[in-house]
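Enquirer: Below are the sequence and a predicted model; questions follow.
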Amino acid sequence: MRIISVSNNKGGVGKTTSTINIAAALQICGKRVLIIDIDHQAQATYHLGINPKEIEHSVFEVLKGEIAWQDVLVDRKGIHVLPAKNDLKDLDFLPFPAKEFLLKEALEDLKDYDYILIDCPAGIERGFHRSVGAAVEAIVVVTPNISSIRDADKVIQLLKTYELAQIYLIINRVRGDLIVRGENLPVSEVVDLLKIPLIGVIPEDDEVSIYAGLGKFIKENSITQKALNILARNLDKETDEVYDCTQKYRGLLGGIRRNLKKRI
């Protein structure tokens, strides 16, 4: 079983949608996956099509030891989730070591899963430390712009203070046309700046946000799904393939596509 926290410093980089889509891609590979939503805004819960106001119990009660995790579990097309409610912020009333201990204790009973993905709250406050404290590995999600990279570097430095087996990088919302035009940082430069292993590059795709807002998974034959399948193999098989977001924007036809994209 691999327990992986998915983190970033600020919202807007696609941390939660990445968590859900990674889970779906791992499931396609035949893996059993559980998502634990530790975000007090319950973003993963919402994006999985679960209304926090309609669920009787949440992960919060599991962490307090009030209810068994099996009684909170929700199945979304084979992906299991321990959903959150907005009341998760009430964990702040518990002593911090107890919160970390409770989360770790809960995870001890979940050994039937191949992967447990912990969707951390954005930022580097107590919720971040509570989530990372229970993980064995971590993924940092970043977009290819300087402000996001700077924020990601802060998270990486904090993650290095934990005894994690590995810290991985996902570069999300990559615009291949902008990279070819020299208006966005290429993937290699982002990796050089952050200096952690890259496991996935996910192209900018409006459908990701649309489907997430509807509580649905992305289309199986989409370019984003292809990139996610590569990411899942890299994570599971320790391969190092990189999805090339620039390929269709190179050459003569690529130039036409770039111009059309620019006009849009």
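Expert: Structure received.
Enquirer: and Ile210, how many neighbours?
Expert: 11 (other CB atoms under 10 Å). For glycine as for every other residue, the C-beta is placed from the backbone atoms N, C-alpha and C.
Enquirer: and Thr239, what is it in contact with?
Expert: Arg233 (CB atoms under 8 Å, 6 or more residues apart in numbering).
Enquirer: so which strand or helix has it?
Expert: Thr239 is part of no helix or strand, with elements assigned from DSSP states H and E.
Enquirer: And the pLDDT at it?
Expert: Note for Thr239: predicted pLDDT of 95.
Enquirer: Where does pLDDT dip in the stretch 51-200 of the chain?
Expert: 87-99, 101-102 (pLDDT under 70).
Enquirer: which residues in the stretch 1-150 of the chain form strands?
Expert: 2-7, 33-37, 74-76, 79-82, 115-119, 137-142 (DSSP state E, counting those that start in this stretch).
Enquirer: For those, give me a markdown table that also has distance to Tyr46 and mean neighbour count.
Expert: Formatted as a markdown table, the strands of the stretch 1-150 of the chain follow (distance: least, CB to CB, whole Å; neighbours: other CB atoms under 10 Å):
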| stretch | distance to Tyr46 | mean neighbour count |
| --- | --- | --- |
| strand 2-7 | 16 | 24 |
| strand 33-37 | 9 | 27 |
| strand 74-76 | 12 | 14 |
| strand 79-82 | 11 | 22 |
| strand 115-119 | 11 | 25 |
| strand 137-142 | 18 | 25 |
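Enquirer: Ok, which of those comes nearest Ile20?
Expert: The minimum distance between Ile20 and the strands of the stretch 1-150 of the chain falls on strand 33-37, with 6.9 Å, by CB to CB.
Enquirer: Listing partners with orientation, what would you give for that closest one?
Expert: If you go by DSSP bridges, strand 33-37 pairs up with strand 79-82 (parallel), strand 115-119 (parallel).
Enquirer: can I get the ones you listed in TSV with distance to Leu228?
Expert: Formatted as TSV, those follow (distance: least, CB to CB, whole Å):
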stretch	distance to Leu228
strand 79-82	13
strand 115-119	13
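Enquirer: ends of stretch 103-114, how far apart?
Expert: 18 Å (CA to CA, to the nearest Å).
Enquirer: For that stretch, buried residues please.
Expert: 103, 106-107, 110, 113 (16 or more other CB atoms under 10 Å).
Enquirer: What of stretch 233-243?
Expert: 233-236, 242-243.
Enquirer: Can you give me the end-to-end span of it?
Expert: 12 Å.
Enquirer: so how far is that stretch from its chain's centroid?
Expert: 16 Å (CA atoms, centre = their mean, to the nearest Å).
Enquirer: now stretch 159-178
Expert: With CA atoms, centre = their mean, you get 10 Å for stretch 159-178.
Enquirer: For the longest strand anywhere in the chain, which strands pair with it and how are they oriented?
Expert: Counting residues, the longest strand found in the chain (DSSP state E) is strand 166-174. Strand 166-174 has the following strand partners under DSSP bridges: strand 137-142 (parallel), strand 198-203 (parallel).
Enquirer: Which members of the buried residues of stretch 233-243 are positioned in helices?
Expert: Using DSSP state H, the subset of the buried residues of stretch 233-243 located in helices is 233-236.
Enquirer: Appreciated, that's everything.
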